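Q: how would this look folded up:
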Amino acid sequence: MNVTIAESTASVETFLRHVSARNNVDVVLCPPYLSIGRVRELVRNTHVKVGAQDVFWKDKGAFTGKVSAPMLTECGVSYCIVGHSETRGRFGKLEVEPASIGYFSESDHTVNLKIRALLYHSVNPILCVGETTEEREAGKTDQVIETQLAGALDGIEPAELYFFSVCYEPVWAIGTGNTCDSAEANRVCGLLRERLGKLLDEDVAAEIRVLYGGSIKPSNSGDLFRQENIDGGLVGGSSLDPMDFSRIVMSA
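A: Take a look at the predicted model:
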């Protein structure tokens, strides 16, 4: 929940000037809902695509305040983030009152419903999975990742997921300035690929993009992107600075 339409415009215009020469890197901008239309206009005729930060799983109905997949596709959205730690109520840096955490109540089941809705409307999902500090310290990282992945993809045909992306976003590294060690990020991303191969099939798993997200900065993006099992990044705070974001793209 950052940047107004005017701020989005200024940021994207600056960003595009600096990444226009890097058209061999796939870039997706996921602005707030109200800025999607304007950002779509700005990136028209460029290699940059537009995504959304979330979606509701019903096409329409008495769901006040929600945004559906058909609404997104009409705005030119081709990607959508689902299951982000914050929509699950799992915050690396808590910026809401503890008593309000229940408001953020995403589950593996609702993530699954959202992925199904996006696939039905030909929008590419970007699934987020990751563990909290407490789960990591308890040695449950792999278990949490596998459970979230299996729940999100339950009952979905492998053939539908060729253009799917999954992101390992350790909750403890989001908005905290802490970054997962590149070797450990590579290990977990490799685990994701392995689990995808078992849940789906090897051919589909080989095509799925496995990303890392969690305090990616220009200073560490190159090292992360050089890891064998990391195909790219889901960039949060650094994407708010068009110069930092362009440097990250240039390092890919």
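Q: Poorly predicted segments of the stretch 1-150 of the chain, please.
A: When residues are selected by pLDDT under 70, none of them lie in the stretch 1-150 of the chain.
Q: quick one: the strands in it?
A: 27-29, 48-52, 79-82, 124-129 (DSSP state E, counting those that start in this stretch).
Q: Distance of the nearest residue to residue 121 once chain neighbours are set aside relative to residue 230?
A: In space, and not counting its chain neighbours, residue 121 is closest to residue 69: 4.0 Å by CB to CB, 6 or more residues apart in numbering. Any C-beta I mention is one placed from the backbone N, CA and C, and that applies to glycine too. The spacing between residue 69 and residue 230, counted by CB to CB, to the nearest Å, is 28 Å.
Q: Comparing the two, which shows the higher neighbour count?
A: The neighbour comparison of residue 69 against residue 230 (other CB atoms under 10 Å) goes to residue 69, with 24 against 21.
Q: Would you check that that one makes contact with residue 118?
A: Yes - the pair residue 69 / residue 118 is scored as a contact, 5.5 Å apart, by CB atoms under 8 Å.
Q: okay, and the common contacts of these two?
A: Contact criterion CB atoms under 8 Å, 6 or more residues apart in numbering; residues shared by residue 69 and residue 118: 55, 80.
Q: Leaving aside the residues adjacent along the chain, what's closest to residue 200?
A: Nearest residue to residue 200, sequence neighbours excluded (CB to CB, 6+ apart): residue 158, at 3.9 Å.
Q: neighbours of the one you found, just the number please.
A: Using other CB under 10 Å: residue 158 sits among 17 other residues.
Q: And for the one 3 residues further on?
A: As a burial measure, residue 161 scores 24 neighbours (other CB under 10 Å).
Q: ok, now residue 96?
A: Considering only other CB under 10 Å, residue 96 is surrounded by 12 other residues.
Q: how about the helices in the protein?
A: 5-19, 36-43, 69-74, 108-120, 133-137, 141-153, 182-199, 202-207, 218-225, 242-250 (DSSP state H).
Q: Identify whichever of those lies nearest to residue 171.
A: Closest of these to residue 171 is helix 133-137, at 7.3 Å (criterion: CB to CB).
Q: Residues contacting the closest one, please?
A: 141, 144, 170, 171, 172.
Q: so how far is it off the chain centroid?
A: What separates the centre of helix 133-137 from the centre of its chain is 21 Å, taken as CA atoms, centre = their mean, to the nearest Å.
Q: same thing with stretch 182-197?
A: 16 Å.
Q: Outside of that stretch itself, which residues are in contact with it?
A: 129, 141-142, 145-146, 149-150, 166, 168, 170, 180, 204-206, 208, 210-212, 214, 220, 223-224, 226-231.
Q: just stretch 33-42 next, same as before
A: Here stretch 33-42 has contacts from 3-5, 8-9, 12-13, 16, 29, 31, 50, 52-53, 67, 72, 75-77, using CB under 8 Å, 6+ apart.
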